[in-house]
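**Q** Here is my input; please provide its structure:
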Amino acid sequence: MMAKLTTEQDDVALDGDLTRYRTLLKIPGAVGAQRTVDAVLHSLATLLSNVVSFDDIALLLFDPSGQQLTLRALERGGDDPGVDVGTEIRYAGTELGRAIEEQIPVFVPDVKRELANHPELASRIHRAVSVYIFPVSTPRTKLGALVFVKNERAEFSAADVELMGSIAAHVAVALENAMAISSVEAYQRDLTRERDRLSLLLEINNHVVTILDIRDLFRAASASIRKHFANDFTSFMLFDGHSNRLNAVVLDFPASRGFMDEVPMQQVEEEDLERLRARKPRVLTPSDKLPPLIAQMLRAESITTVVALPLVGANGPIGAMVLGSRNGNNLSQADLDLLSQVSSQISLAIDNALAYGRLSASRDHLEDQRIYLESEISSEYNFEDIVGRSSTFQKVLEQVTIVAPTDSTVLLHGETGTGKELIARAIHNLSSRHRRTFVRLNCAAIPSGLLESELFGHEKGAFTGALMQKKGRFELADRGSLFLDEIGDINLELQPKLLRAVQEQEFERLGSTKTIQVDVRMIAASHRDLPEMIQQGSFREDLFYRLSVFPIEIPPLRERREDIPLLINYFVSKLAKRMRKQIKSIPTQAMEVLTNFPWKGNVRELANFVERAVILSQGEELEVPIAELHGSRNNISTPASTFHDAERKVILDALTASSGQISGRGGAAERLGLKRTTLQNKMRRLGINKGDCQQDR
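**A** Predicted structure coming up:
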C-alpha cells in the first residue's frame, strides 16, 4: 500500500514537472511574439495560471532615467482595484530593491509589514498577504521586477521558484525586444512627424519665395495647411492700425455652407493686441468669448474648434491666421508649435510684402514726380513746345528766332499771364549761351530794400543780417542770360546802378569797392506801360532805351483766339496724364465759350481753369464749369458766329459799360485790360466809334 502511494505521488510530481517544462517551452514563443509590454504580461499570466498558484501578477519597469520604478502592466485575479498602472514605486531600502540589486528571487511573507516601506501603496493594497519578487534583467541591463501576489501566506515550491526564475529571464528578453520595437516604432513615428513637419515648412517656404501676390500666397498656404492638419477652413486676417480692425483678406473654406462668405471686420481691443504681441496660439470654441456674429457663423457651419495664431512683423502685429475644424480639437502641442512656425514664415512674407509695397508706392510717387517735372521742364522751358499757330503769335516767334542768336538786350512787353518767361527761356535756349545758366528774378516779388542785394550781391557785414558773402544774380548769370521780370517795379534809386550793369557789364557788391566784370545777356519784361511811367517820372528814360534794344510785344490771349483750342487740348492732355484720367473729348459748345471768353489772366488763367475742369471730369469727356467764368450762367455771352464779331461785341460791351469812355479809371481800355492806344487801334480796325455802342444796343 505504501509502495502504491509512493508511486502515485511520483506520477503526480512527474506530471507537474512535465507541465512546467511544457509551459517553459511555450514561454519563448508565446511571450516573444508579443510586441507590447501589456501583451507580454497578459500572455505570461495565461500560461502560468495552470502551473502555479497566484492571484495577481505585476510588471514593474525602470523609467528611461533608470532611477524610478513604474507599474507598467497588471493582471488582476480579483475585483480589488489595488494599484493603478503608471504608479511610481519607491524601491531603495525595500525587499523590492534587494531583489533587483542582488538579482535573486525574494519572498515577502507579510505584505502589510513590508508596506511600511511603501507609504505610497499602503492605502491601496488590502487583500494581498504575500508576494514573490523576481528580478527581470538581461546581461545588458536591469529592466525591473516581476511580482506575483498571493492572497494567502504560501511559498512557491523550489521547482516553482526555479520555473519563475527561468520565466523572468525569458520575459526580460521578450521585454527587451518589445521595448526595442516600441522604441523603433516611436522613432519611426517621430521621423514621420518630422518629415511631415519639414515638408509643410518647405511648402510654405516655397510659397513665400515664389508667390509675390499676398492673396495668392494665402490661398496656397491654406491648401498646404489643410493637407497636413485636415482642418476645414483657414482664414488670413490683416490688421489695420488706423482703424484698429482685423480684416479677413482670404478665407479658404472648400466645404463651406455659405454662412462665412463675408466675415465682417473685427474691432481689436488692447487686450487682443497684447495677445498678438505675445505670439501665442489660442484654441477657442464658439462658446468662448467671441464676437456674437462670428460665434453665430461658426455654429451655423458646425465649427467646433478654432485656433488663432498671431502674425507679427518687425514693427508689431500685422494680422492673424485662423484655423477652424468641425472635428473638435485634435491638435497636439507639437502641432501648435508647427503652426507657430508656419505663422512666423508667413509673417515674414507679409512684412516684406508690405515693406515692398511701401517702397513701390514711394518709387512710383518719385517716378511720377520725375515724369511730371520733366514734362514741366520740357513743356515750359523749351521753345519747341510753345503752343501757338495764330499769325499774331507766329510773328512773335519769328522775332524770337531773329534776336536769339545775337547778344542784344530784349524787352518783352505783355499782360500778366501771356508767357513772358516762356519767351525769355526760348530766347536763351536758341542763343549761343544755351549751355550756360538761365537766371531769373521777379523784381516785384523782392522787397525794394533787398532787391539790390539780390541783383548785385553783398559782402559779409554789409548790413545787419549779412552774415556771409553772397553772390548776386548778375554774377550767377555770368556768360549766361539774366531775365528780370516786372522790371517796372524797380525803384528809381536802384535804376542807375542797374543801367550801369546792363550797359557797362560791371558793378560792385554791397559793402565792397571792388568792381566785378560780367558777361550777361539781359532780357527784361514788364506788363506796365513803361513810356507812360517815363512821362510820370517813375522810370528812367535812359534805362528804358538801354533795355528796349529789341522790344517784343506779346499779344494777350484774346488777340490770338485761334490758339485757345490748341492751348486747351495741350493743357487737357498734359493734366489728364498727370492725374491719370482718360479724357478723350471736349464738348464743342464748351470749346466755343472758352474760345470767346476774354481771358484777362491770359494763358495762366486759361491753364488754371482747364486744370479745374480736368479735376472735375469723371468720364472721357471734359466737364467744363462754364458757370464759373463770370460767376453765373447769365454773365456768359452767347458765342459769336465769327471771331471778328466776337471781338467787336466784346469791345462794344466794354464801351457800353463805360458809357463810351475809352481811357482813364473805369474806361473801356481798363475793363478790357488793354492800353488806350491798343484799344483805339482795334476800334479803327473794326470800324467802331464811340457812338456805335449806343446804336448796337
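**Q** Might one say that Asp478 is in contact with Val518?
**A** Yes: with contact defined as CB atoms under 8 Å, Asp478 reaches Val518; the gap is 4.6 Å. For the C-beta atoms, the positions are set from N, CA and C on the backbone; glycine is no exception.
**Q** which residue ranges form the helices in the stretch 101-250 of the chain?
**A** According to DSSP state H, counting those that start in this stretch, the stretch 101-250 of the chain carries its helices in the segments 111-114, 119-122, 158-210, 214-229.
**Q** what sits against the residue most central in space within the chain?
**A** Central residue of the chain (CA atoms, centre = their mean): Leu354, 2.2 Å from the mean position. Leu354 is in contact with 313, 318, counting by CB atoms under 8 Å, 6 or more residues apart in numbering.
**Q** Leaving out the residues flanking it, which one is nearest to Leu331?
**A** Of all residues not flanking Leu331 in the chain, Val307 sits nearest, at 6.5 Å (CB to CB, 6 or more residues apart in numbering).
**Q** Who does that neighbour form a beta bridge with?
**A** As for beta bridges, Val307 partners with Val283, Leu323 under DSSP bridges.
**Q** Just say helix, strand or coil for the residue nearest to the centre of the chain.
**A** Secondary structure assignment for Leu354 (DSSP: H, G, I helix; E, B strand; the rest coil): helix.
**Q** cool, and the one 5 residues further on?
**A** Following three-state DSSP, we place Leu359 in the helix state.
**Q** about what we covered before: distance check, the residue nearest to the centre of the chain against Leu212.
**A** Using CB to CB, to the nearest Å, we find Leu354 at a distance of 13 Å from Leu212.
**Q** where does this protein dip in pLDDT?
**A** For the chain, the stretches with pLDDT under 70 are 1-53, 64-66, 76-82, 122-123, 126, 154, 357-358, 360-385, 630-645, 690-697.
**Q** Domain map for it?
**A** As assigned by automatic domain parsing, the chain contains the domains 16-183, 211-357, 384-555, 558-696.
**Q** Compare these and give me the one nearest Glu194.
**A** Closest of the domains of the chain to Glu194 is domain 211-357, at 9.8 Å (criterion: CB to CB).
**Q** Kindly confirm my reading that Leu412 is in a helix.
**A** No: applying three-state DSSP, one finds Leu412 to be strand, outside a helix.
**Q** which residues touch it?
**A** Leu412 makes contacts with 420, 423-424, 523-526, 551-552, 554, as judged by CB under 8 Å, 6+ apart.
**Q** out of those, which one sits closest to Gln341?
**A** Taking CB to CB as the measure, Gln341 sits nearest to Ala424 out of these, at 67.6 Å.
**Q** contacting residues around the host helix or strand of that closest one?
**A** Assigned by DSSP states H and E, Ala424 belongs to helix 420-429. In this structure, residues lying in contact with helix 420-429 by CB under 8 Å, 6+ apart are 380-383, 386, 396, 400, 403-404, 410, 412, 414, 434, 438, 440, 480-481, 483, 485, 521, 523, 525, 527, 552, 554.
**Q** and Ala92, which of the helices of the stretch 101-250 of the chain is closest to it?
**A** Taking CB to CB, helix 119-122 is the member of those nearest to Ala92, at 12.9 Å.
**Q** If we go by neighbour counts, what in the closest one is buried?
**A** Neighbour-count burial for helix 119-122 flags Leu121 (criterion: 16 or more other CB atoms under 10 Å).
**Q** go on, stretch 579-592?
**A** 581, 583, 586, 590-591.
**Q** so how far does it reach from one end to the other?
**A** 25 Å (CA to CA, to the nearest Å).
**Q** helix, strand or coil for the closest residue to Gly664 other than its chain neighbours?
**A** Closest residue to Gly664 apart from its sequence neighbours, by CB to CB, 6+ apart: Glu670 at 7.5 Å. Three-state call for Glu670 (three-state DSSP): helix.
**Q** Tell me if I'm right that Glu670 and Gln661 touch.
**A** No: Glu670 is beyond contact range of Gln661, at 9.2 Å (criterion: CB under 8 Å).
**Q** one step back: can you tell me which of the buried residues of stretch 579-592 end up in strands?
**A** Of these, none are assigned to strands by DSSP state E.
**Q** May I see the residues you listed arranged in a markdown table, with distance to Pro281 as well?
**A** Formatted as a markdown table, these follow (distance: CB to CB, whole Å):
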| residue | distance to Pro281 |
| --- | --- |
| Lys581 | 48 |
| Ile583 | 53 |
| Ile586 | 61 |
| Ala590 | 63 |
| Met591 | 66 |
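**Q** What is the nearest of those to Glu452?
**A** Lys581 (46.9 Å).
**Q** OK, contacts around the closest one?
**A** Lys581 is in contact with 614, 617, counting by CB under 8 Å, 6+ apart.
**Q** Look up phi and psi at it.
**A** Phi and psi for Lys581, reported as degrees, to the nearest 10, are phi -120, psi 150.
**Q** mind checking how far it is from Met591?
**A** Counting by CB to CB, the gap from Lys581 to Met591 is 18 Å.
**Q** before we move on, what about Pro555?
**A** 20 Å.
**Q** same check, this time on Leu74
**A** 103 Å.
**Q** Phe544 now?
**A** Computed as CB to CB, the Phe544 to Met591 distance reads 40 Å.
**Q** do the same with Ser130
**A** 119 Å.
**Q** ok, now which ones touch the nearest residue to Asn442 once chain neighbours are set aside?
**A** Excluding the flanking residues, the one nearest Asn442 by CB to CB, 6+ apart is Asp485, at 4.6 Å. By CB under 8 Å, 6+ apart, the contact list for Asp485 reads 420-421, 424, 440-444, 524-526.
**Q** 7 Å - rerun?
**A** Residues in contact with Asp485 (CB atoms under 7 Å, 6 or more residues apart in numbering) are 420-421, 440, 442-443, 525.
**Q** ok, and the most crowded of these?
**A** For the contacts of Asp485, the largest number of neighbours (other CB atoms under 10 Å) sits with Ala525, at 26 neighbours.
**Q** tell me the SS of that residue?
**A** Recorded secondary structure, Ala525: strand (three-state DSSP).
**Q** hey, what's Lys142 bridged with?
**A** Beta-bridge partners, per DSSP bridges, of Lys142: Ser137.
**Q** correct me, but it touches Ala99?
**A** No: with contact defined as CB atoms under 7 Å, Lys142 does not reach Ala99; the gap is 10.6 Å.
**Q** Between these two, which has more neighbouring residues?
**A** Between Lys142 and Ala99, counting by other CB under 10 Å, Ala99 is the more crowded of the two (23 against 16).
**Q** Tell me how many other residues crowd the residue nearest to Gly664.
**A** Glu670, neighbours per other CB under 10 Å, totals 18.
**Q** on that earlier part again, any chance of the contacts of Asp485 in TSV, with distance to Ser157 too?
**A** Below are the contacts of Asp485 laid out as TSV (distance: CB to CB, whole Å):
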residue	distance to Ser157
Lys420	131
Glu421	126
Arg440	125
Asn442	127
Cys443	132
Ala525	133
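**Q** ok, back up a step: so which of the helices of the stretch 101-250 of the chain is the most surrounded?
**A** A comparison of the helices of the stretch 101-250 of the chain by mean neighbour count, using mean count of other CB atoms under 10 Å, puts helix 214-229 on top with a mean of 19.
**Q** and Glu421, how far is that from His458?
**A** 26 Å.
**Q** Met683 reaches Ile651, doesn't it?
**A** Yes: the criterion here is CB under 7 Å, and Met683 meets it with Ile651 at 6.5 Å.
**Q** Give me the more crowded residue out of the two.
**A** A direct count of neighbours by other CB under 10 Å for Met683 and Ile651 places Ile651 higher, at 22 against 19.
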